[in-house]
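>>> model this:
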Amino acid sequence: MAFSLSDGQDDVTRFWREEKEKGAIYNVYLKKVTYHTLSDLDQSKGHLMWETQKIRVVKAGTLEKLVESLVTVKGELDSTYVNVFLATYRTFATPLQVLEILIKRYKWLEKDSTDHEERKENNENQQKTFKSVISVWMDTYPDDFRDYPDYKCLKVLEAFSHQFIPDSDLELRARHKIEKFEREAVSNSDGDIKFQFSIVDEVDSMIDSEYQKPLEFLDIPNNRLAEQLTFKDAELFKRVIPNHCLGAVWARRDRKLGKGGNIAPSVLATIDQFNRVSLRVIATILRTRELKSSLRAKILQKWIDIAQELRQQKNFSSLKAIISGLQSHSVYRLKRTWASLPKESIDLFQELADIFSNDNNQILSRELLMKEATAKFPDLDSNNKILQRRNLQKRRSWIENGIVQGTVPYLGTFLTDLTMIDTAIPDRTECGLINFEKRRKEFEVLAQIKLLQSAAQIYHFQEDKHIWAWFDSVRVFDENECHDLSCIIEPIKEGPARLKKKSASYSSLLKVVNFGDNCCFDSLGTRPARPEGSKLSLLSCGLDNSSVYNSSITDSPSQGVSLMSHSSSTSSLLSCDSDTTISSPFRSPDTCVVRVRFESGPESDTHVYKSIMLKNIDHTHTVIDKVLEKYSKKGPAGNYCLLQVLSDGGKEEGELLIPDKGNVFYAMNKSDGSEPVFVVRTRQDQEARTQHRKRGRRKLKNWSL
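Numbers count the residues shown, from 1 in each chain. Have a look, this model is predicted:
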């Protein structure tokens, strides 16, 4: 009986059960497939029928089983499984290990065909498919075979193909790859040769070349600078190798190659550019001490306008970098400068900053990215009527001129998601098998990166070397220098905050004392509320600040600004459909992922967070033990206390002490909808902080009287 699949009915797939066999665990699904039956007597008529098919999906297995599963028992290629495996296998195996298992499996099938003639046809089909897998691997991930200088993988493949598959093109392709990589290695080494010229030649060259007056920041058109930042960001993002973003590769890079290791160069290059932009935002605002507040406000306003241009170009990377620079402590504390800004600029800054709010797992930035990833141009909106008119005019201009914008995402979101997956889900099951379900979750994020890389191809900006010469000439400052310059521009007031209004509430005074000069002064009038994170931030997820500077930031000061802060995203982008619902894969009625930090003493001021899985059975001592293990600390849990950091609109407002025998899952505060953040510190340190706050309250009470 012939049949054909029906296009009018959706296949229904449901989980059935879990099956185990030696070296592997499978999730079994039942798939309801509809089809038409065609009668032999009357070909024009048929009946709509359905049948249930059993589908097995690898959940966990040994390395050998995972490699063997690249080809089905029937000799078919499971493209979905192959894509997931090739994108993520580096977290649990090396290219040579995978290649040797593939070759071993091919040889076994060859021998099995000789011993069992009845299985010869099926074995030959599997062998052909294994050859296809190797070809796809070489085409999709050529760098896996670039193991300079030995090229062992390619030489093993060449020898195997020569002996067992003499009639295939694998041997020739392997040989050509070796020759190509060797030529590229020689070419790269030649590029390191430095040529010396005499001073006379240099002067003659300068005379012959056309003189160009050095650019001043305020003279550069906003759209030109924004286009150049987008040009650079798009080029770097297109070169990002997605598997370099994996949590096991990225977050653990220092452990594998030591400090300064070059394990994810394509990712580090993007981070370098992000930090370069943020540092220059700060430097241009602070570098001239004698400027009046009104003139300094023009520089600040120009950066806000450039950020809006980037928003219109859908460049979320440099947009985030500029916002981070403007939110840095040394810039944000300049009350007189912010007060000199027009209301439209304040509103615009607030709207741009809100895009990257950490509230509800960065839901706004994720929704925007999914909505605009493949859209022709951004969907701009504003509560300010003047900005609304400008956005409407801009939109009409895009439509009339047929302008199509690409997209550059903020890479830190994906790096955080992948690091959270790596943290929250174990690499292996309790029986020691490789957890492949974890790799599927990672692949969902990698697929989003690849989709957005195709969107970044749409840009057609050209490099303007004159602007980049100005960009590179800007002298940047380290954190201490930035603070000193900021305090020279607007000195710190002694004692408690001198609020203009005598009716200031006790709570607002307490807030100023608790957070000192790092707080958000609500009494500034027109200055916008400061979102979470005063330091420049690309990502954190448990990485120390030094790891940024070991990524070859050539223009960073020796004392480096602390460029890494925490980020609270925990889930990957699910699709680019605007109707997709945002939800975290790490939050359920019984579990959730929380961020934690360990404070080693009273002077500790770290913004490096790590993540743990919190279960509904975890009590205080259990959570403390998990945090101590994360930070490689030893000692009984009884010496420490656990506190939840409470926030309001992204600002840290206080701490909630979790009882020693409490169930943390049910005791924590979830009212603000943001990701829970906990801190572990010694009981002695906590007692000292409590006494300090009590003394501060008594002083404030006396002052208020």
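>>> secondary structure class for Val680?
strand (DSSP: H, G, I helix; E, B strand; the rest coil).
>>> quick check: closest non-adjacent residue to Cys488.
For the record, residue 488 is Ile, not Cys. Using CB to CB, 6 or more residues apart in numbering and skipping residues adjacent in sequence, the residue nearest Ile488 is Arg289, 5.5 Å away. For glycine as for every other residue, the C-beta is placed from the backbone atoms N, C-alpha and C.
>>> okay, now the one you found: neighbour count?
If you count neighbours by other CB atoms under 10 Å, Arg289 ends up with 9.
>>> then Ile271?
Residues lying near Ile271 (other CB under 10 Å) number 22.
>>> ok, now how distant is it from Asp472?
Noted for Ile271: a distance of 18 Å to Asp472, by CB to CB, to the nearest Å.
>>> now Val281
Using CB to CB, Val281 is found at 15 Å from Asp472.
>>> with neighbour numbers in mind, choose between these two.
Ranked by neighbour count (other CB under 10 Å), Val281 and Asp472 place Val281 first, with 28 against 11.
>>> what helices and strands are in contact with the strand or helix carrying Arg280?
Counting by DSSP states H and E, the element that carries Arg280 is helix 265-286. On a contact count with 3 or more CB pairs under 8 Å, 6 or more residues apart in numbering; DSSP states H and E, helix 265-286 meets helix 222-239, helix 293-312, helix 316-326, helix 329-332, helix 411-424, helix 479-489.
>>> give me the contacts around whichever helix or strand comes after the fifth one.
Proceeding N to C from helix 411-424, the next assigned helix or strand is strand 434-435, under DSSP H and E. Outside of strand 434-435, the residues that reach it under the criterion CB atoms under 8 Å, 6 or more residues apart in numbering are Lys59, Ala60, Gly61, Thr62, Leu63, Leu66, Phe92, Ile425, Pro426, Asp427, Arg428, Thr429.
>>> go with 7 Å
Here strand 434-435 makes contact (CB atoms under 7 Å, 6 or more residues apart in numbering) with Ala60, Gly61, Thr62, Leu63, Leu66, Phe92, Ile425, Pro426, Asp427, Arg428, Thr429.
>>> helices and strands of this structure: which one bottoms out on pLDDT?
helix 506-515 (a mean of 26; mean pLDDT, DSSP states H and E).
>>> just checking, Gln405 touches Lys314?
Yes - between Gln405 and Lys314 a contact is recorded at 5.0 Å, counting by CB atoms under 7 Å.
>>> which ones are touching the closest residue to Ser340 other than its chain neighbours?
Setting aside the residues directly before and after it, Ser340 is nearest to Ala297 in space (CB to CB, 6+ apart), at 3.7 Å. Listed by CB under 7 Å, 6+ apart, the contact partners of Ala297 are Thr337, Ser340, Leu341.
>>> let me know the secondary structure of the first one.
Of the three states, Thr337 takes helix according to three-state DSSP.
>>> neighbours of Leu341, how many?
Close neighbours of Leu341, defined as other CB under 10 Å, add up to 22.
>>> the stretch 101-250 of the chain: helices as residue ranges?
For the stretch 101-250 of the chain, the helices defined by DSSP state H, counting those that start in this stretch occupy 120-140, 152-164, 170-190, 199-208, 222-239, 247-250.
>>> per-stretch mean pLDDT over those helices, give me the minimum one.
The stretch with the lowest average pLDDT out of the helices of the stretch 101-250 of the chain is helix 199-208, scoring a mean of 50.
>>> for the host helix or strand of Val98, packing partners?
For Val98, the host element (DSSP H and E) is helix 95-115. Secondary-structure packing of helix 95-115 (3 or more CB pairs under 7 Å, 6 or more residues apart in numbering; DSSP states H and E): helix 63-68, helix 120-140, helix 152-164.
>>> A strand includes Val594, no?
Yes - using three-state DSSP, the secondary structure at Val594 is a strand.
>>> and it, what does it touch?
Ser611, Ile612, Leu614, Glu675, Pro676, Val677, Phe678.
>>> how about CSV for the contacts of strand 434-435, with neighbour count added?
As requested, the contacts of strand 434-435 are exported to CSV (neighbours: other CB atoms under 10 Å):
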residue, neighbour count
Ala60, 23
Gly61, 22
Thr62, 15
Leu63, 16
Leu66, 24
Phe92, 18
Ile425, 18
Pro426, 11
Asp427, 12
Arg428, 12
Thr429, 16
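>>> in a markdown table: those residues, plus pLDDT and distance to Lys31.
A markdown table is the format used below for these (pLDDT from 0 to 100; distance: CB to CB, whole Å):
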| residue | pLDDT | distance to Lys31 |
| --- | --- | --- |
| Ala60 | 94 | 21 |
| Gly61 | 94 | 22 |
| Thr62 | 95 | 27 |
| Leu63 | 95 | 28 |
| Leu66 | 94 | 22 |
| Phe92 | 92 | 29 |
| Ile425 | 88 | 26 |
| Pro426 | 90 | 29 |
| Asp427 | 90 | 29 |
| Arg428 | 92 | 29 |
| Thr429 | 91 | 25 |
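>>> which one of those is nearest Asp139?
The nearest member of the contacts of strand 434-435 to Asp139, counting by CB to CB, is Leu66 at 20.8 Å.
>>> quick one: the closest one from Leu656, how far?
Using CB to CB, we find Leu66 at a distance of 44 Å from Leu656.
>>> over to Pro409: give its phi and psi.
In terms of degrees, to the nearest 10, the main-chain angles of Pro409 are phi -80, psi 170.
>>> how deep is it tucked in, by neighbour count?
When neighbours are defined as other CB under 10 Å, Pro409 has 26 of them.
>>> now do it against Ser340, distance only.
Distance of Pro409 to Ser340, given as CB to CB: 33 Å.
>>> and Glu19, by the same measure?
When CB to CB is the yardstick, Glu19 and Ser340 sit 69 Å from each other.
>>> neighbour count for these two, which is higher?
Using other CB under 10 Å, the more surrounded residue of Glu19 and Ser340 is Ser340, with 19 against 13.
>>> between the helices and strands packed on helix 265-286, which one is closest to Ser266.
Nearest to Ser266, of all these, is helix 222-239, at 5.3 Å by CB to CB.
>>> buried stuff in the closest one?
222, 224-238 (16 or more other CB atoms under 10 Å).
>>> ok, so of those, who is nearest Leu154?
For those, the minimum distance to Leu154 (CB to CB) is 26.1 Å, reached by Lys238.
>>> so that closest one sits against Gln453, correct?
Yes - the pair Lys238 / Gln453 is scored as a contact, 5.5 Å apart, by CB under 7 Å.
>>> how near is the nearest residue to Ala283 once chain neighbours are set aside to Arg276?
Take Ala283 and drop its neighbours on the chain: the residue closest to it by CB to CB, 6+ apart is Val476, 4.7 Å away. Look at Val476 and Arg276: by CB to CB, they are 8 Å apart.
>>> then Arg428?
Between Arg428 and Arg276 the distance is 39 Å, computed by CB to CB.
>>> over to Asp660?
Counting by CB to CB, the gap from Asp660 to Arg276 is 47 Å.
>>> between these two, point out the one with more neighbours.
With neighbours defined as other CB under 10 Å, Asp660 and Arg276 compare such that Arg276 has more, 22 against 14.
>>> quick check: the gap between the more buried one and Ser340.
Distance of Arg276 to Ser340, given as CB to CB: 27 Å.
>>> my read: Ser324 touches Leu279, true?
No - taking CB under 7 Å as the definition, Ser324 is not a contact partner of Leu279, at 10.1 Å.
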